[in-house]
Each structure stands twice: as C-alpha cells, then as structure tokens.
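Student: Okay, predicted coordinates and the sequence, questions at the end:
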Amino acid sequence: MTGTGLHPIVAAAAEGDLPEWSVAGSERRGHVRRVSALMGEWAAALALCPDDQARWRATGLLHDALREEEPDTLRLHVPPVFQDLPDSLLHGPAAAERLRLEGVDDGEVLQAVAFHTVGHPSLGHLGRAMYAADFLEPGRDLLNEWRASLRGRMPGQVDGVVREVLGARLRHRVDRGTVIRPETVAFWNVVAGERR
C-alpha cells in the first residue's frame, strides 16, 4: 500500500482505479493498464521508494483518462497554451488540467500526463519514462521486435531509449508532412544534446 502523502486520485490510480470522470472504453483501459504495469516494473527496477513507485504506476494509468472524450469538449477545458493542439493531442493536457482541478498538485505527474504525446524539454525521469512507455507497451502491434528490444533496455538506458522513440516519432511526422510542435523540437534538442 502507498503512503498518505499521495493525493487520493493518484493513490487509487496506482492501484488500478481510474477516476469516475474518465472517458475510456475497454480497449483504452487495457492500454493504460499495460502502460501502468510497465511503469511499475521500471520504478521497481530502479528501487524507487513505495510512493514514487505508486506515482509512476498512477501516471501510466492516468495519461489517457480522457482519450475518448470529444475534442470539442476537451478544448473547452485545456489552458490557453494548448488551444491550438490537434484534436488527437488534447487529451493529455485536458487530463492534467482535470487532475489539477481535483487537487492533484504533483507537478511531475501533471507534466508527464500533459506532455506524454508531444514531449517537453523539461521532462524529468518520470516524464521521459512515461513518454517511452506509451509507445513501448506490449499491446501495441507495431515494430514488435524493435520495441521489445527497447523495452529490454529500460529502465537502465532511459535517455537512449527516449532518444530512439522520439527520433522514430519525429521521422513519422516528417514522412507524413505534419507540423512538429515546438515542445517536441525542444525536447529533441535536449535529448540529442545529452548524447555528447
């Protein structure tokens, strides 16, 4: 069981319970549970304290809590800085804002949830792990051998794995001819610069 320092929503999410306001069908719930399990495995492998392990599991569960909400509804509830996001990317900032309004004041968890799709240059260890876990969870049927090899390098090589995941996501966006968010470019510049 987790300590008393965790917000009740975070503590419940660490135990596998999504908030009542979540909008997630059975497939989405399966995805977030797999991401949460992966985050929990990594946190345990890093020998984080019980509360931090709970925070990692909770972040994995909460990141897509509003993924299936209508974009027009989400857009009403995100801070102005996120108003120009494409519909498919609104759910992270919207979930983070909802958690904040519910009293969750864990900035690292909120940032990891908000930026799990686009990345951000200030993401710490938890946020980077979340960024990787969302892409690497074993239920995704995409480049399975490569993704399995990246999972095998976690959590010990988080920065290298994040660099590869981010590079693949950037190439995909370039190949599709879509706009790359400034946060994503800045995230790349930080993780690429760490390689030196």
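Tutor: Arrived safely, thanks for sending.
Student: wouldn't Gly124 be in contact with Glu108 here?
Tutor: Yes. In this structure Gly124 lies within contact range of Glu108 using Cβ atoms under 8 Å: 6.0 Å. No exception for glycine: its C-beta is placed from N, CA and C like everyone else's.
Student: OK, contacts around Val179?
Tutor: Residues in contact with Val179, defined by Cβ atoms under 8 Å, 6 or more residues apart in numbering, are Arg173.
Student: in what helix or strand does it lie?
Tutor: Under the criterion of DSSP states H and E, Val179 resides outside all helices and strands.
Student: show me where pLDDT drops low in the chain?
Tutor: For the chain, the stretches with pLDDT under 70 are 1-4, 196.
Student: what about 80?
Tutor: Filtered on pLDDT under 80, the chain yields the residue ranges 1-4, 195-196.
Student: what's around Ala112, how many residues?
Tutor: A count of nearby residues for Ala112, using other Cβ atoms under 10 Å, gives 32.
Student: So it versus His120, what's the distance?
Tutor: The spacing between Ala112 and His120, counted by Cβ to Cβ, to the nearest Å, is 9 Å.
Student: repeat for Arg57
Tutor: Distance check for Arg57 against His120: by Cβ to Cβ, it reads 21 Å.
Student: Show me which of these two is the more surrounded one.
Tutor: Using other Cβ under 10 Å, the more surrounded residue of Arg57 and His120 is Arg57, with 27 against 21.
Student: Hmm, Gly40 and that one touching each other?
Tutor: Yes. Taking contacts as Cβ under 8 Å, Arg57 lies within contact range of Gly40: 4.2 Å.
Student: so which strand or helix has the closest residue to Phe135 other than its chain neighbours?
Tutor: If you skip the residues right next to it in sequence, Phe135 has Val165 as its closest partner in space, 4.9 Å away by Cβ to Cβ, 6 or more residues apart in numbering. For Val165, the enclosing helix or strand under DSSP H and E is helix 158-176.
Student: Using CSV, list the CA coordinates for that helix.
Tutor: Written as CSV, here are the backbone C-alpha positions of helix 158-176 (Å, rounded to 0.1, in the frame of the first residue of the first chain):
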residue,chain,number,x,y,z
VAL,A,158,16.0,5.6,-20.4
ASP,A,159,17.7,8.5,-22.2
GLY,A,160,18.9,6.4,-25.1
VAL,A,161,15.5,4.7,-25.4
VAL,A,162,13.7,8.0,-25.3
ARG,A,163,16.0,9.4,-28.0
GLU,A,164,15.2,6.4,-30.3
VAL,A,165,11.4,6.6,-29.6
LEU,A,166,11.4,10.4,-30.1
GLY,A,167,13.5,10.0,-33.3
ALA,A,168,11.0,7.5,-34.7
ARG,A,169,8.1,9.7,-33.9
LEU,A,170,9.8,12.7,-35.5
ARG,A,171,10.6,10.7,-38.7
HIS,A,172,6.9,9.6,-38.8
ARG,A,173,5.7,13.1,-38.6
VAL,A,174,8.2,14.3,-41.2
ASP,A,175,7.3,11.5,-43.5
ARG,A,176,3.6,12.4,-43.2
